[in-house]
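Q: got a predicted structure plus its sequence, pasted below:
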Number of protein chains: 2
Amino acid sequence: MPRALTSLNAKEVKFLRSALTEENAFMTTRDCLQWLEHRRKQTHVQIEQIPFAKLRKWYFDKDTGNLRHESGRFFSIEGAHVKTNYGFVSEWSQPIINQPEIGILGIITREINGILYFLMQAKIEPGNINYVQLSPTLQATKSNYTKIHKGASPEYLEYFTDSSKSRVLSDQLQSEQGARFLKKRNRNIIVEIDDNILLKDNFCWLTLGQIIRLMEYDNVVNMDTRTVISGIQFGSLCPEQIELYIKSDFHRKEHTMFQPDILTSMFDNTSARNTIDDIISWITGLKTRYELNVENVPLNSVREWQKDDYAIHHKTKNFFSVIAVLVEIENREVASWTQPLIRAAQEGIISFLMKKFSGVSHFLVQAKLEAGNFDILEMAPTVQCITGNYRNAPSDKRPPFLDYVLNAREDQIKYSTYQSEEGGRFYREQNRNLIIEVDDSFPAAVPDNYIWMTLNQLKQFIKYNNYLNIQARTLLSAIGLK
Amino acid sequence: MPRALTSLNAKEVKFLRSALTEENAFMTTRDCLQWLEHRRKQTHVQIEQIPFAKLRKWYFDKDTGNLRHESGRFFSIEGAHVKTNYGFVSEWSQPIINQPEIGILGIITREINGILYFLMQAKIEPGNINYVQLSPTLQATKSNYTKIHKGASPEYLEYFTDSSKSRVLSDQLQSEQGARFLKKRNRNIIVEIDDNILLKDNFCWLTLGQIIRLMEYDNVVNMDTRTVISGIQFGSLCPEQIELYIKSDFHRKEHTMFQPDILTSMFDNTSARNTIDDIISWITGLKTRYELNVENVPLNSVREWQKDDYAIHHKTKNFFSVIAVLVEIENREVASWTQPLIRAAQEGIISFLMKKFSGVSHFLVQAKLEAGNFDILEMAPTVQCITGNYRNAPSDKRPPFLDYVLNAREDQIKYSTYQSEEGGRFYREQNRNLIIEVDDSFPAAVPDNYIWMTLNQLKQFIKYNNYLNIQARTLLSAIGLK
């Protein structure tokens, strides 16, 4: 262990070492892609859009029009009436997913030959564009993990509920999409075990470096994995320690893509353009200025939205619609069920602009208000929008920086993939994920709702919960240390 | 400036220097007490409890029974229906104060001869036990500071609303009493100015050390001052730097009460019993386990509470009541108005137990659920309760550690005063504030809902907002560095 790393605690060093490792004696990254492809071929999934009338066990409540499950479990589609002084529209109603319980998104890790491995799952979700994606060890609702409703427990659940079986490495409450969910949060947790455990079907061990590498491919790593990974803390090092670190043998030969500007942005908490206190003051000022008043209302009172036999949609057909699907999955057994899903009207863009200040990469963060936000505003990517809504809009009505993103030169695009939203709720929804490095000429001064932050700072805010929205978190999860 | 302090930024050093200074060329601490006493004598305040029928401009809404002001301003008393799996009682209704806007509690500071001075106000509040207490420069509701309703601006408002007139030193959103308010939060802000400003009537300049010293007296420093002061960050130093610091001439002769265990607890972020990640995991686990479902209901639907001509109270007369008062204040002018106030049924106790682990003072923090909490649970003092409710209860129904607090030996009591709750809402409400150092024999293992934290860690959580409740914050504000 080089001296620089002694300022980090054992946990951070474990994460770091794994993030820098793509070698895997059990499964190479290429093998993992093939394994996922194989699971897709083995599994026959059929998704058919059906009229609401054909939903089984789901019904529209007579009084409210809310779409609910007979058991009261899962989620319901209700209405939200929103008033705010943020943005162009000061009042609207919309359907919103209400799922008030806190679910668990959990990953088991284990150190093997000095490297931390993550237990990942090839999971089928009906809404996934390619049916099977790489997901955390566990995705469980509260009904699942408290076993109120009998039936089989999710695999490996006991490692998250019985503290004698594992040690916690990371454990945070994080939000989901505020435009779709009413104050939904999940527990994002990573635990470590000492002893080997049985590798069940559909599971594999990967290093953190491999998972990050897999995010360079479209729609391979699911949203739940991305949010859990985003919470990993690598700690802070001072500039001299980073220097030492770069020279150390811990930074092994295969890591030739190593970028000092990203490294400094991740580790150094002294060379940022704004201090943490500045950023807290910025968001405090905005939360004081902007009001968000959300009233939970009956779905049948939501104005400007129309319901026909097959969908609930906005009268302009913008935004999203609620549809019903029949799912048939034939694996070893045949499973079949019906459920509502949310279908986005258009593809979206999620993008961070990145700029070096004194050699340190900074990200341009937006304070964004969405109807279901837990606390008015969350820190969001520079641009987060449904592009279709804006392509033909006059430039003063287009979100700030959208043109810059759409017109970025090839050499400015540091990251570009399509990534999926959660396939249990969203129907084949993917967003273009982009990280774009702007030129030196890009102005350092930005509008009130924006601020420049380093990776180290973004990680701090992730750690303290409820600051970064899921789009910002999942985009950051793709950033490796090399 | 000794070398140790170079790790802190200029702002933290300013706060530190002021916290260690009780000398004041303008007003000694004794003078300040006399000045407050003089203001009290100059001011004739009469508070008379009146029947609700005599309230002017306040009325009970015909449909809901909610108690509201004609203008829609100020606050209203509404009902809350609470369901939770925390504690002994799983469902109840209660009156609650609804005041959804974010107010400003602000202090102006200015460096004079190298020491940061705080601009404090001798402020009259009708509910204050002694009418006049030391308050922040500014206490303003959103209606005040946005000037929606014309009329005189609060004094010095422009230094908080016009960013060209000051620099922000501290700026956080913090909660008020969750048992009384529905998700109420204020912006707690400290700004610094460069040029001298006119010292208006009822204002004075004090060092931070003086303000902390004044908290050793009963009911002198008001709740709003205490919460703003609690947010001040002194930064982190490593043990070697603390050693240097102790030896430095910055630690001047007059500070003979200097306690290394408190200093280490405040500055050292490496010698804590639990890491910040451990603590985040602890609160995440508890927020996942405990549910808080609060429904805003009409006041006239609140069960078990009774309304007569003079008060709304619980049928047992426990907890608190809502009363109406006529206020007459004769200063230079005569002001008279009527308003509702909340009157506590009994005096309460707010107490931290403190224990040294390896020479570093740790505080025993409780995760406490209250009806109006913004996010289910907040970090609270070890004991926070209305003592009258428990004096005769069997020991298994009494709050944990209450007996320890009530039976503490004189030499264990490190801090003991009566401090007031906000006199604009609460009628002569004071709580006993205690910090008690436990013996070595006190068990380190504590129940699930409790955890040991250092001052450095508590300050971190204060900084990131919405973690510590107001009782914990104000109790910590009294801890000086000497």
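A: Arrived safely, thanks for sending.
Q: hmm, the helix or strand containing A:Gln121 in reach of chain B?
A: A:Gln121 is located in strand A:115-124, with elements delineated by DSSP states H and E. No - contact of strand A:115-124 with chain B (C-beta under 8 Å from any C-beta of the partner chain) is absent, the minimum separation being 15.5 Å. In this view, the C-beta of every residue, glycine as well, is placed from N, C-alpha and C.
Q: could you list the residues in contact with whichever helix or strand comes after that strand?
A: Next in sequence after strand A:115-124, counting helices and strands by DSSP H and E, comes strand A:132-135. Residues outside strand A:132-135 that contact it (C-beta atoms under 8 Å, 6 or more residues apart in numbering or on different chains) are A:32, A:36, A:39-40, A:43, A:120-125, A:206, A:211, A:214, A:219-222, A:224-225, A:420, A:423.
Q: that older thread, so which elements touch the strand holding A:Gln121?
A: The helices and strands touching strand A:115-124, judged by 3 or more C-beta pairs under 8 Å, 6 or more residues apart in numbering or on different chains; DSSP states H and E, are helix A:10-19, helix A:29-42, strand A:103-112, strand A:132-135, strand A:203-207, helix A:208-214.
Q: got any ranges where the stretch 301-450 of chain A has weak pLDDT?
A: Per-residue confidence for the stretch 301-450 of chain A (pLDDT under 70) gives these ranges: A:332, A:388-391.
Q: and the strands in it?
A: Here the stretch 301-450 of chain A has its strands, by DSSP state E, counting those that start in this stretch, at A:305-307, A:311-314, A:320-330, A:334-344, A:348-357, A:360-369, A:377-380, A:383-386, A:413-420, A:430-437, A:450-453.
Q: and of these, who's closest to A:Leu116?
A: strand A:413-420 (23.7 Å; C-beta to C-beta).
Q: pick the most deeply packed of the helices and strands packed on strand A:115-124.
A: Mean neighbour count (mean count of other C-beta atoms under 10 Å in any protein chain shown) peaks for strand A:132-135 among the helices and strands packed on strand A:115-124, with a mean of 26.
Q: which SSE is immediately downstream of that strand?
A: strand A:138-140.
Q: just the buried residues of the next helix or strand after that following strand, please?
A: Sequence order places helix A:142-146 as the next helix or strand after strand A:138-140, per DSSP H and E. Across helix A:142-146, burial judged by 16 or more other C-beta atoms under 10 Å in any protein chain shown covers A:Lys142, A:Ser143, A:Asn144, A:Tyr145.
Q: coming back round to it: tell me which of the strands of the stretch 301-450 of chain A sits nearest to A:Pro239.
A: strand A:360-369 (9.8 Å).
Q: run me through the strand neighbours of the closest one, direction for each.
A: Paired neighbours of strand A:360-369 in the sheet (DSSP bridges): strand A:348-357 (antiparallel), strand A:377-380 (antiparallel), strand A:450-453 (antiparallel).
Q: save those as CSV, and put in distance to B:Leu341 too.
A: Shown next, in CSV, are the strands paired with strand A:360-369 (distance: least, C-beta to C-beta, whole Å):
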stretch, distance to B:Leu341
strand A:348-357, 50
strand A:377-380, 33
strand A:450-453, 41
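Q: got these as CSV, with mean neighbour count columns?
A: Output for these, formatted as CSV (neighbours: other C-beta atoms under 10 Å in any protein chain shown):
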stretch, mean neighbour count
strand A:348-357, 22
strand A:377-380, 24
strand A:450-453, 21
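Q: what about A:Asp63, how many neighbours?
A: Using other C-beta atoms under 10 Å in any protein chain shown, A:Asp63 has 8 other residues around it.
Q: per-residue pLDDT, A:Asp261?
A: We have a pLDDT of 84 for A:Asp261.
Q: part of a helix, is it?
A: Yes - under the criterion used here (DSSP: H, G, I helix; E, B strand; the rest coil), A:Asp261 sits inside a helix.
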